[in-house]
Each structure stands twice: as structure tokens, then as C-alpha cells.
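[1] Turn this into a model:
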Amino acid sequence: MKLLILGGTRFLGRAIVEAALADGHEVTLFNRGRSNPNLFPEVEHLRGDRDGNLEALQGRQWDAVIDTCGYVPRVVGASVALLADVVAHYTFISTISVYAEPFVAGMDESAPVGELLDESVEEITAETYGPLKVLCERVVTQGMNGRSLLVRAGLIVGPHDPTDRFTYWPVRVARGGEVLAPVSPQLPVQFIDVRDIAAWVVRATAVRLTGAYNVTGPETPTSLGEVLETCRDVIGGDAQFTWVEESFLLENGVTPFMELPLWVPTTSTGLMQVDTSKAMAQGLTFRPLASTIADTLAWHQSRSDDYQLQAGLAAEKEAALLAAWHEKLME
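    From the prediction side, this is the model:
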């Protein structure tokens, strides 16, 4: 397969390129050349900007395109308009954040999606991110006349994750001691190793799968308690988990998901319990959680010694919160 990848040098895009090359596909990358420009010297690199500079794509043909970095419908629409007649299939990386509240456990691909009251909005915020992806999906589906795959990805984790929205936990458990954990060991969580979603995306693109698919994991329902216990089993050490009530965390200004990764408020836990049976029926598989944890920690340890995590509680804030929580329990 002659495959064009929009992006391709950061996290998911990088993993998709690796999966495509491993499967023997001929890969072309189109990006600005700003992130990891020296990656993949063996493939063709086209330089440009999706927002107004697509000239490098003109006059070319590919079997398929995988769009890893589309967030604004106007920009995605420009790529679709240019490529619709020169590619047979378009894969768009979307998000489970497309779904509208209230989030109900077991949501499948037919669940209602979010809407923007003003569809001219292009600023990406926590509130607009999902609805903008909805509009991007619509542009792709219409522009490709149904020859498209919409990958509604959950939280993607693993090596090279720039957000650290999973990395925090292996790193924190490795540090040991008393670990502040949110809400309850039974808190449901979903996420997928970047290498697993990448492999599925490449295979699904090769067979020209169409329609929307929820793509997250793991295969069986998992709790935050299981994740943290597995971290300790893999890493060893003396980490002990103190489970702190959600109301206390919110009252003390702890930000869900970013300061305590994998925690979404209990009113939104349906977003961590979406139905992935459709993708699994089309070959989605998952590596063991222990492998993701070990590989994520090993990658993190290869970073510079002064690297600061982009997510998770600062040690001083965690200690202060734990002290306040224990004081509260003594009242």
C-alpha cells in the first residue's frame, strides 16, 4: 500500500509510521518538519502546512491517507478536497470526546455526538475539542463519499507520550511511599497502548474499513486500583495507595485527568466505559498492561534528568493534600 500520513513524527503518528513500515507499506510523510524532523530518513518527506500550504501534495497519488493531526474542520476540509480524487481511502484520527453529555456507560458508535452552537469557532478548548472533531468527521465522511474510517480513540498511552497522562503513575509508583490516589480502587478506566492502536489503524486502513469505531482498551473492564497494583507489581518498591474522596479533591482545586491522570469526575465515568466491541470484532488486540507500564517507565527514564512531567501532582502538593486528608479523617 502506498500510504500518505499527515503528521507522522509525534506519538501516535510516529507509532503508525513504525507499524506501517513493519507491515511493508510504502510511506510518505507530510508535515511542517518541526517535530523530530530527523525521524524516518528512509521514507519520503514532504514539507508544508495543512493551513494554507498543501502544494507539496499536488499531482501525487496514494492508495490511502491517515490523518493524525486534524482538529479544525476548515483545515481538514482543505486536505480532503485536495486528496479526495487521488486516494482511495481516508482514515481520520478522531476521539471518544465526540460524544455528548451525559456520558452513559456502554456507549457505542451510535451514541449522540456533541454540537457547536457556532460552527465557525476554531479555538480549541476543553469544551470545543470534541464538537470540532465531530465537524471534522463530517467533513471527511462527506468529502470522501463514505470512503473513510473514523477512529474514535480513547486515551492513548505508552512510550513517547508528550502529555504524560499515564506516565505519571509508573513514575510516581517507582518513587514509592504514600501515593495519593483518586476516589476508589474500583474507579473504571480505559486507555490503549499507542502501539496497539497504531497497528490496528494500519491494518484497518489497508483493508479499507469504513465508518466510526471506538478504539480504546483494555479488552476487559479495568479499574484504577488494578492499574496501580500492576504498576507496583511490575516496578516493585514500597508504594502504598491512599484513596481520597472526590469531593475533597475538588474542594482543594485538584484538576481531574491532568493532576491525577485517569481520573474523570464520577459524573463522567461513562467516558471511561465506552463499547469497543465493534473494533475488537475487526481485529483490535491489546498487549498486557504490565508491558505498557514497563515500557513507559523505561522510556521515561531515558529522558533528561531535569525533565518535568507535564501531568500529575507535584510532590509538594501531593504531600500537602495527604496531610490535609489525614487531618480531615481525624476530625
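
[2] Mind telling me what element residue 30 is part of?
    For residue 30, the host element (DSSP states H and E) is strand 26-31.

[3] Show me the contact partners of the helix or strand where residue 196 lies.
    Using DSSP H and E, residue 196 maps to helix 194-206. By Cβ atoms under 8 Å, 6 or more residues apart in numbering, the residues outside helix 194-206 that reach it are 1, 3, 11-12, 15-16, 18-20, 23, 25, 64, 66, 89, 91, 93, 149, 151, 153, 156-161, 213, 215-217, 279, 282-287. Backbone N, C-alpha and C define where each C-beta goes, glycine included.

[4] what's the angle from that helix to strand 26-31?
    110 degrees (axes from the mean of the first three to the mean of the last three Cα atoms, to 10 degrees).

[5] So for this protein, the centremost residue is which one?
    residue 156 (3.1 Å; Cα atoms, centre = their mean).

[6] quick one: the strands in the stretch 51-200 of the chain?
    Remark: strands assigned in the stretch 51-200 of the chain by DSSP state E, counting those that start in this stretch are 64-67, 89-95, 148-153, 156-157, 178-182, 188-189, 192-193.

[7] could I get those strands as a markdown table with distance to residue 255 and mean pLDDT?
    Formatted as a markdown table, the strands of the stretch 51-200 of the chain follow (distance: least, Cβ to Cβ, whole Å; pLDDT from 0 to 100):
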| stretch | distance to residue 255 | mean pLDDT |
| --- | --- | --- |
| strand 64-67 | 30 | 98 |
| strand 89-95 | 19 | 98 |
| strand 148-153 | 22 | 98 |
| strand 156-157 | 18 | 98 |
| strand 178-182 | 11 | 98 |
| strand 188-189 | 17 | 97 |
| strand 192-193 | 23 | 98 |
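
[8] Packing partners of the following helix or strand past the strand holding residue 30?
    Heading C-terminal from strand 26-31, the first helix or strand you meet, by DSSP H and E, is strand 44-47. In terms of contacts (3 or more Cβ pairs under 8 Å, 6 or more residues apart in numbering; DSSP states H and E), strand 44-47 is packed against strand 26-31.

[9] Describe which strands the strand it packs on pairs with in its sheet and in which direction.
    Here strand 26-31 is paired, per DSSP bridges, with strand 2-6 (parallel), strand 44-47 (parallel).

[10] wait, what's in contact with the residue lying farthest from the centre of the chain?
    Computed with Cα atoms, centre = their mean, the maximum C-alpha offset from the centroid of the chain is found at residue 331, amounting to 41.0 Å. With contacts defined as Cβ under 8 Å, 6+ apart, residue 331 has no neighbours.

[11] For burial, what's the neighbour tally of residue 29?
    21 (other Cβ atoms under 10 Å).

[12] which one is it nearest to, not counting chain neighbours?
    Residue nearest to residue 29 in three dimensions, not counting chain neighbours: residue 8, with 4.2 Å by Cβ to Cβ, 6 or more residues apart in numbering.
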